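Visitor: missing the sequence, but the structure's below:
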Ligand SMILES: CC(C)(COP(=O)(O)OP(=O)(O)OC[C@H]1O[C@@H](n2cnc3c(N)ncnc32)[C@H](O)[C@@H]1OP(=O)(O)O)[C@@H](O)C(=O)NCCC(=O)NCCS
């Protein structure tokens, strides 16, 4: 089946009657799926086939997610009630595929599809207040709570709305687009984006070696427009953990819109939760960088940086 769009590990294909047994196994699992999507009564194969036919006839934006590597069914994802540039997101991942990072990968891909292909400016969703996992994943993907009742938490994401997400392996393609765009807008970047570089970046997300590295990405208009990279420094000097700010960069066309401040604020919050109280940065010599660092609250320029080649 030809995918309508794809992400790193997932093909998004139209719903189909051939997948009805997978849909039923997913949705009729009351404990691990049904109760989270308000599905109490079991669905029959006939009802499900009717649902597939109806969605296909309507040309509704509803897709089944298949694992690229194996073709196995992951779950369904859809926009409901698309009107006036807004749609409501729904997602369900079958029990055996949950907690493998597929939700975190699928949601931003679907939001981008909605914004790019369907012209959505807002994506809404509602989630049960006790569905802590879904709320955590939605927040990670940039959704923010805007209302709450006893029964539902309402969340949304807006097209040009700035949101900050942790940098994970799933974001590597977005970061490569960001880095290519940086070079189109300014031409002084010192490293080349070749296969060796991409492999090295991808490898940094494997295993434990980079567990002290903290990186966040800023998204606007459905694309990565900035990033911040830091790492923890542990020293026997006083037994403290400090952090070093390795890089902060925003696309030239998105500067002066609070992106860098939002990235720094997100990093600060993360460092606080880790008990880190000092973030050390070397400031680039250019005037724009100097101005930015001087405007950072509670910061002080002192000492002199030195680079020692090893
Ligand atoms: C909610 C759902 C879409 C998430 O997709 P997923 O692929 O399982 O999630 P991921 O593996 O991408 O991420 C799971 C995250 O939740 C965290 N998590 C797991 N259980 C959790 C819990 N009980 N409370 C808080 N966080 C939890 C994991 O640690 C992980 O976060 P991390 O990557 O920051 O460590 C999926 O589990 C699902 O379909 N569940 C059943 C139906 C449902 O709830 N749909 C949403 C209805 S609004």
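Guide: Structure's in. What do you need? This structure is a prediction, so every number in the text was calculated from the model and none was measured.
Visitor: Run a quick neighbour tally on residue 243.
Guide: When neighbours are counted by other C-beta atoms under 10 Å, residue 243 registers 22. Every residue, glycine included, has its C-beta placed from N, CA and C.
Visitor: and residue 214, what does it touch?
Guide: Residues near residue 214 by C-beta atoms under 8 Å, 6 or more residues apart in numbering: 229, 230, 231, 232, 243, 267, 270, 271.
Visitor: Now the residue in the chain that the ligand sits nearest to: closest residue in space, sequence neighbours ignored.
Guide: Closest to the ligand within the chain is residue 103: 2.0 Å, counting by C-beta to the nearest ligand atom. Using C-beta to C-beta, 6 or more residues apart in numbering and skipping the chain neighbours, the partner closest in space to residue 103 is residue 137 (4.7 Å).
Visitor: Give me the contact list for the one helix or strand that neighbour maps to.
Guide: Taking DSSP states H and E as the criterion, residue 137 maps to helix 132-140. Helix 132-140 has contacts (C-beta under 8 Å, 6+ apart) with 36, 99, 103-104, 107, 125, 127-129, 153, 155, 165-166.
Visitor: Same question for it: list its buried residues.
Guide: In terms of neighbour count (16 or more other C-beta atoms under 10 Å), helix 132-140 has its buried residues at 134, 135, 137, 138.
Visitor: Pull the residues that contact stretch 196-213.
Guide: Contact with stretch 196-213 is made by 168, 169, 172, 175, 176, 191, 229, 230, 231, 232, 234, as judged by C-beta under 8 Å, 6+ apart.
Visitor: mean confidence for it?
Guide: The predicted model gives stretch 196-213 an average pLDDT of 93.
Visitor: One more: stretch 104-119?
Guide: Mean per-residue pLDDT for stretch 104-119: 91.
Visitor: now stretch 141-150
Guide: The average pLDDT within stretch 141-150 is 91.
Visitor: residues in contact with it?
Guide: Contacts for stretch 141-150 (C-beta under 8 Å, 6+ apart): 104, 107-108, 111, 123, 125, 129, 153-157, 161, 163-165, 219.
Visitor: For those, which PyMOL command selects only the ones that are buried?
Guide: Burial among these is assessed by 16+ other C-beta under 10 Å; the matching PyMOL selection reads:
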select buried, resi 104+107+108+111+123+125+153+155+156+157+163+164+165+219
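Visitor: could you show me where the helices are in this protein, in order?
Guide: With helices called from DSSP state H, the chain shows them at 20-27, 45-58, 102-117, 132-140, 172-185, 195-203, 259-273, 287-295.
Visitor: Would you mind finding the most buried of those?
Guide: Of the helices of the chain, the one with the most neighbours on average (mean count of other C-beta atoms under 10 Å) is helix 102-117, at a mean of 21.
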